[in-house]
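Chemist: Sequence and predicted structure are below.
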Amino acid sequence: MEKDPKYPLIEAAFGRQPDRVPIWFMRQAGRYMASYQAIKAKHSFVEMIQTPELAMEVTLQPIDELGVDAAILFSDILVTASAMGCRFDYVEGKGPLFADPIRTAAQVAALRDTVEGRLDFVSNAIQLLLPELHHRNRPLIGFAGAPFTVAAFMIAGKSPHPFSQVRSWMQEHPIATAQLLEKLARVTATYINAQIQAGVHAIQLFDTLLDQLSIAEFEAWAWPYIQSVMAGIQRPEGLPLIMFSKSIDRFWPHFIQLPIQVISVDAHTSMVTMAASVPAEIALQGNLDPQLLIHPPQDLKAQVEAILASMRPRPGFIFNLGHGIIKETNPQTVKNIVEWVHDFR
Ligand code: CP3
């Protein structure tokens with residue numbers, strides 16, 4: 001394949017002001033799209049993730065139907081938990097449900113921390129996608145869940161809300177907690193490296209649940225393992241790393257110490273404050289509230305443009321939501337936002 005062109009997403013990530021603001025959406029492929037529902041009617045979510053042809057098809061849907069500037073690999077952050085030996089299903093309306101949530105140190109000890117060969121479906125999907133995206137002139141974002149967020153699902157055995165149950169378990173089992181997080185950090189770095197070797201153009205690390213933690217808990221349960229994952233990543237020059245969490249206003253001072261190019265900003269944090277605080281070498285991504293897309297207010301366009309205007313002085317900016325698209329969203333609203341961002345001067 002020929003050399004990649006200059007993608008606006010990559011240019012923005014490295015602070016080289018592209019000729020237009022790039023836009024993509026977290027959860028841009030999913031149930032809000034009729035074309036996704038059509039595939040979902042015939043296959044389970046796990047089948048869609050594990051069958052490279054299906055993962056490819058779904059990954060391309062938002063590129064072809066919405067015109068976004070980057071594809072994100074269709075997968076899930078819990079594939080690492082599954083490769084380590086946790087069994088679970090995605091249950092409609094409930095999310096992931098684990099067969100044997102982590103309750104004992106012995107369960108942690110039994111988890112695999114070498115997963116070679118168990119996530120090959122991801123590399124295979126990437127290899128199918130690259131030529132398709134090349135002729136659509138779009139880069140591919142790979143991703144993984146960070147150790148803390150994935151561990152919280154493994155311990156809760158489901159979406160970890162309320163978080164108190166996971167917190168108690170971690171407090172009562174400090175050694176097993178550290179062992180679990182260390183294993184996850186090794187697997188996550190290996191998994192990210194496999195995606196990079198397969199050819200993704202950028203990586204986003206999701207530590208979604210950090211908003212549940214105090215700074216002291218973050219420093220015990222999340223931060224060392226984020227650093228360890230980052231230290232284990234081997235990447236070519238020109239491949240940016242994006243860090244995502246909620247409560248970014250509390251965590252960005254840590255994140256700017258990482259070898260990352262982009263910080264993703266959640267919808268509760270002010271872009272204006274972020275722009276004024278975060279060093280200019282770090283690009284920002286975000287941060288329209290996904291809730292606004294469900295019942296779009298009259299002034300949605302003005303809100304989109306206010307974010308764009310606040311970022312105008314900054315060479316590195318990627319438009320996104322503060323979190324993933326919600327399934328009640330009308331795809332036309334998403335299309336409108338793409339157009340507004342592309343037309344903004
Ligand atoms: O962004 C993308 O389009 C890429 C694909 C992607 C999915 N999940 C697809 C998905 C990505 C990047 C994720 C990340 C993810 N998964 C996170 C971190 C980011 C976030 O949104 O907080 C978390 C915590 C998960 C775990 C997870 N997976 C949950 C809690 C659920 C159930 C909730 C839900 O929306 O149903 C999933 C399932 C899931 N992951 C779906 C999709 C499209 C829905 C599957 C379906 O029923 O069709």
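Modeler: Looks like it arrived, so ask away. Residues are numbered from 1 along each chain as shown.
Chemist: Excluding chain neighbours, what is closest to the closest residue to the ligand within the stretch 201-345 of the chain?
Modeler: Of all residues in the stretch 201-345 of the chain, Thr208 sits closest to the ligand, at 3.6 Å by C-beta to the nearest ligand atom. For every residue, glycine as well, the C-beta is placed using N, CA and C. In this structure, Thr208 finds its nearest non-sequential neighbour in Thr149, 5.1 Å apart by C-beta to C-beta, 6 or more residues apart in numbering.
Chemist: residues from the stretch 101-250 of the chain in reach of the ligand?
Modeler: Proximity of the stretch 101-250 of the chain to the ligand is confined to Phe143, Ser159, Phe206, Thr208 under the rule C-beta under 6 Å from any ligand atom.
Chemist: quick one: what helix or strand has the third one in it?
Modeler: For Phe206, the enclosing helix or strand under DSSP states H and E is strand 202-207.
Chemist: and after that strand, which helix or strand comes next?
Modeler: Past strand 202-207, heading to the C-terminal end, the next element that is a helix or strand (DSSP H and E) is helix 215-221.
Chemist: May I see the buried residues of that following helix?
Modeler: Glu217, Phe218, Ala220, Trp221 (16 or more other C-beta atoms under 10 Å).
Chemist: was I right about the residue nearest to Thr208 contacting Asp211?
Modeler: No: the criterion here is C-beta atoms under 8 Å, and Thr149 misses it with Asp211 at 10.5 Å.
Chemist: Those two: which has the busier surroundings?
Modeler: Between Thr149 and Asp211, counted using other C-beta atoms under 10 Å, the more crowded position is Thr149 (23 against 15).
Chemist: Mind listing what's buried along the lengthiest helix in the chain?
Modeler: If you go by DSSP state H, the chain has its longest helix at helix 174-198. For helix 174-198, burial by neighbour count (16+ other C-beta under 10 Å) applies to 176-192, 194-196, 198.
Chemist: follow-up on the earlier one: from the buried residues of helix 215-221, which single one is nearest Phe317?
Modeler: Nearest to Phe317 among the buried residues of helix 215-221: Phe218, at 26.0 Å, using C-beta to C-beta.
Chemist: Model confidence for Lys3, exactly?
Modeler: Lys3 carries a pLDDT value of 71.
Chemist: Would you agree it falls within a helix?
Modeler: No: assigned with DSSP: H, G, I helix; E, B strand; the rest coil, Lys3 falls outside any helix and is coil.
Chemist: Now do the same contact list for it.
Modeler: By C-beta atoms under 8 Å, 6 or more residues apart in numbering, the contact set of Lys3 is empty.
Chemist: on that earlier part again, which neighbours do Thr149 and Asp211 share?
Modeler: By C-beta under 8 Å, 6+ apart, no residue touches both Thr149 and Asp211.
Chemist: rewinding a little: need the three-state assignment for the residue nearest to Thr208.
Modeler: Thr149 is classified as helix under three-state DSSP.
Chemist: From Lys6, how far off is it?
Modeler: Shown here: Thr149 relative to Lys6, a distance of 33 Å by C-beta to C-beta, to the nearest Å.
Chemist: Need the residues that contact stretch 49-66.
Modeler: Against stretch 49-66 from outside (C-beta under 8 Å, 6+ apart): 25, 28-29, 33, 35-36, 39, 43, 47-48, 68, 71-76, 79, 121, 124-125, 127-129, 132-133, 136, 138, 140, 331, 334-335, 338.
Chemist: what's the answer for stretch 266-282, then?
Modeler: With C-beta under 8 Å, 6+ apart as the criterion, stretch 266-282 contacts 15, 211, 245-249, 252, 256, 260-263, 265, 284, 286-291, 307, 310-311, 313-316, 321-323.
Chemist: buried sites along it?
Modeler: Asp266, Ala267, Thr269, Met271, Met274, Ala275, Val278, Ile282.
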